[in-house]
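Take this sequence and fold it.
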Amino acid sequence: MTKNSVTVIGGGLAGCEAAWQLAKRGVPVTLYEMKPRKRSPAHKLDTLAELVCSNSLRGDRLVNAVGLLKAEMRKLDSIILRSADATAVPAGGALAVDRVGFSETVDASIRRHPLITIIEEECADIPGEGTVIIATGPLTSESLSKRIANMEGLKTLHFYDAAAPIVTYESLDLEKVFAMSRYDRGADYLNCPMNREEYMAFIEALKTAQTVEVRDFEEKAVFEGCMPIESMAKRGDLAVAFGPLKPVGLSDPRTGKRPFAVVQLRQDNAAATLYNLVGFQTRLTFPEQRRVFGMIPGLENAEFARYGVMHRNTFLQSPGYLDDTYRVISQPRLYFAGQITGVEGYVESAASGLVAGLSAAYRACGLPPPHFGGQTAIGAMARYVSAPNSRFQPMNCAFGLLDALETEPGAKRLKNKQQRYERLAQRSLAHLDRLIGQMERDFPTTGNECAMISTKEV
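Down below sits the predicted model:
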């Protein structure tokens, strides 16, 4: 291993992005990718950065949170976004790519870089010295998963998602919702009351709604420990009313009576801008979640910051274990990147690889790494996976994760959601431009070479 080099394990989107950010700053990289010698059941191509489940990188407009995230990544010279733009196919306001062409483009860029060495074999253990970025994705091999699960200080390594939807507070109809905990133990929950007719219509919609098929590389048995709400509804019309929608200990202060059923919303972030639908693990498709959950009183116009998911996904209990550069707090030579950190989605995974690679490059060059902070989408995602959260679940990028606009002049007058998102995007990109200016001063030669390589081991 070359002095000051960094090992990246995993040649997916996050691993390739991390390797690119390191190499373009003059830091040698050894990139391990087990394909084509060995592959998971989900992978078919021999090239790096293979898109497994979709060719869509989702919305590309600045009033869409993931669109803002992509704009930030473009400013930071993301190899993933550069390749996606080069292989884009028509998709309206979204960014979709030619799946094979995209993978081949990333693959060629990584292989051509003189500072990146690719080793095509499984890395079954974590190297015992030097800086390492682990970017092995949701289908991490069994041998490496066991090694990660036994890492010092790691409380939990999850092997599947069972995440309920999250909605924004401002999109709720507060005329229909009341704040109360069961048995008058405070007001920690928001409650959406249902009468019998509303409940029965909701249950019927749940039973007939379209669900996502279990993919062939997932095991149906993995979901048995956490039943989807639509599966519970099929066990009997009142099963959900005696389960997560039980009204026991609650009375609607506007009527003084106990509702027939209650959907509870639990605060999901410190700013109280996001709320989780308690007990709503689901395999409904995203459009069906909008339709069916929109039948809940108070959620008719709900904005979903995250949809419910249940799928195979190896991920860390990252809060308290990783910092906001995706570095392991107790073992600072180690980083994680990609979906294994608890970010959800292709773009978010690549963004985490960008931050990890950039931060590792700075430290390899003897410089303190930049911290993007909550004013940017890329920093807000890093903060989400690192900030204390006892109910941590993987998350897509959402405007609700960014710092609020309350301190901005005129912000309280922005009742229009699109205007508010535009303001958040403008603030984010302006903040990022200032950070990039500092980065250019840190690497004053060309931006592609390490300005001051440290003599110490990283």
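
Who are the packing partners of the helix or strand where Leu81 lies?
Taking DSSP states H and E as the definition, Leu81 sits inside helix 79-86. If you count contacts as 3 or more C-beta pairs under 8 Å, 6 or more residues apart in numbering; DSSP states H and E, helix 79-86 packs onto helix 13-23, helix 65-75, strand 94-97, helix 99-112, helix 346-364. Using the backbone N, CA and C atoms, a C-beta is placed for each residue, glycine as well.

Quick check, central residue of the protein?
Val343 (2.3 Å; C-alpha atoms, centre = their mean).

So for it, what's the nearest residue that isn't a sequence neighbour?
Ser352 (5.1 Å; C-beta to C-beta, 6 or more residues apart in numbering).

And that neighbour, what's its pLDDT?
pLDDT recorded at Ser352 is 98.

next one: the one 4 residues further on
Confidence per residue is given as pLDDT, and for Ala356 that number is 98.

ok, back up a step: is the residue nearest to the centre of the chain in a bridge, and if so with what?
Met395 (DSSP bridges).

Was I right to think it contacts Gln393?
No. Assessed by C-beta atoms under 8 Å, Val343 is found out of contact with Gln393, at 11.2 Å.

just how off-centre is the helix holding Leu81 within its chain?
19 Å (C-alpha atoms, centre = their mean, to the nearest Å).

What are the contacting residues of the helix or strand that it is followed by?
The first helix or strand that comes after helix 79-86 along the chain, using DSSP H and E, is strand 88-89. Strand 88-89 has contacts (C-beta atoms under 8 Å, 6 or more residues apart in numbering) with Asn55, Leu95, Ala96, Val97, Asp98.

Repeat that for stretch 56-69.
The contact list for stretch 56-69 (C-beta under 8 Å, 6+ apart) reads 70-71, 84, 91, 93-97, 345-348, 351, 377-378, 381, 396-399, 401-402, 418, 421-422, 424-425, 428-429.

so where is the stretch 101-250 of the chain shaky, pLDDT-wise?
Residues of the stretch 101-250 of the chain that meet the criterion pLDDT under 70 lie in 156-162, 214-226.

quick one, helices of it?
In the stretch 101-250 of the chain, the helices defined using DSSP state H, counting those that start in this stretch lie at 142-149, 196-208, 229-233.

then the longest one to CSV, C-alphas only?
Put plainly, it is helix 196-208. Only the C-alpha atoms of helix 196-208 are listed here, as CSV (Å, rounded to 0.1, in the frame of the first residue of the first chain):
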residue,chain,number,x,y,z
ARG,A,196,-66.2,3.9,11.7
GLU,A,197,-67.1,4.8,8.1
GLU,A,198,-63.7,6.5,7.5
TYR,A,199,-61.9,3.5,9.0
MET,A,200,-63.7,0.9,7.0
ALA,A,201,-63.1,2.7,3.8
PHE,A,202,-59.5,3.0,4.6
ILE,A,203,-59.2,-0.7,5.4
GLU,A,204,-60.9,-1.7,2.2
ALA,A,205,-58.4,0.5,0.2
LEU,A,206,-55.5,-1.0,2.1
LYS,A,207,-56.6,-4.5,1.2
THR,A,208,-56.9,-3.8,-2.5
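
The chain should start at 29 in everything you say after this.
From this message on, residue numbering opens at 29, which makes the last subject helix 224-236.

okay but Lys103 is in contact with Ala458, surely?
No. Using C-beta under 8 Å, Lys103 is not in contact with Ala458, being 11.1 Å away.

Of these two, which one has the most company?
Comparing Lys103 with Ala458 by other C-beta atoms under 10 Å, the one with more neighbours is Lys103, at 16 against 11.

Appreciated, that's everything.
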